[in-house]
Each structure stands twice: as structure tokens, then as C-alpha cells.
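pasting the sequence and the predicted coordinates here, then a few questions.
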Amino acid sequence: MPAHESLSGIQFNYIEPGMHSSGHHLTAHDTEGRHLGGMEWDARKIRSIDVNPDVRRQGVGTALWNQGHALAAENARVPAPKHSDDRTAAGDAWARSVGGRLPRRRK
């Protein structure tokens, strides 16, 4: 089965800041439980976002971004993800595609 067919039912797992991380952490899995990617952020910026190479450019990063914003809208203790100034070229292209305020890129 092509990877994009398994992405129709992305499931998310949110982990609040605590013992294992000082940031908010969100992971994405397919319906079979396979890890697709993750995003970690704090009140200031996205600290990291990664998507498995075999499912890149299929909407996983955008789904993580959107889910992070949905969580923030539902819970005042969860800050909405914001773009970092520390972005790779690919990260910069992705950030432009999802929208939002873009701080000047450092790299």
C-alpha cells in the first residue's frame, strides 16, 4: 500500500510538559500505530518538527501544525505553535506553506 493511502486516519498523541520534556509534544501515528512524525514546541517557538522520510510531503507536518493549533484553541494552558527563526531550507518552505508569522531566518 502506498504511504499516502495510510495517512487518511492520522492519530495524535499529546504529551504535556513534565518529567520527560519541558515543551509540549505531539506525535502522529497511522491507524496501524506506525510513528509518522512529531513536533515539540513551547510558548515562544517550535523546538523541533520531524516527519519520517517515507511520508514526507504528504501532509503529516501540516497535520501536526494544525493539531497543535486545535489543542491550543481548546486549552488555554497549551500555547499555539509558532515558527522558529532557526529553520532549514526545507523547514522554511514548509513554514511558508502553512502560514503564520515568520521570524527572520537565522540559518
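Alright, I've got the coordinates. Numbers count the residues shown, from 1 in each chain.

which residues in the protein form strands?
11-15, 24-29, 35-41, 46-51 (DSSP state E).

Serialize those to TSV and add fields for mean neighbour count.
(Glycine included, C-beta is placed from N, CA and C.) Formatted as TSV, the strands of the chain follow (neighbours: other Cβ atoms under 10 Å):
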stretch	mean neighbour count
strand 11-15	14
strand 24-29	20
strand 35-41	21
strand 46-51	18
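
adding distance to Gly59, write the ones you listed out as a markdown table.
A markdown table is the format used below for the strands of the chain (distance: least, Cβ to Cβ, whole Å):
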| stretch | distance to Gly59 |
| --- | --- |
| strand 11-15 | 13 |
| strand 24-29 | 10 |
| strand 35-41 | 10 |
| strand 46-51 | 9 |
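
so which of these is nearest Val78?
Judged by Cβ to Cβ, the one of these that comes nearest to Val78 is strand 24-29, at 6.0 Å.

which strands or helices does the closest one pack on?
With contacts taken as 3 or more Cβ pairs under 8 Å, 6 or more residues apart in numbering; DSSP states H and E, strand 24-29 sits against strand 11-15, strand 35-41, helix 60-74.
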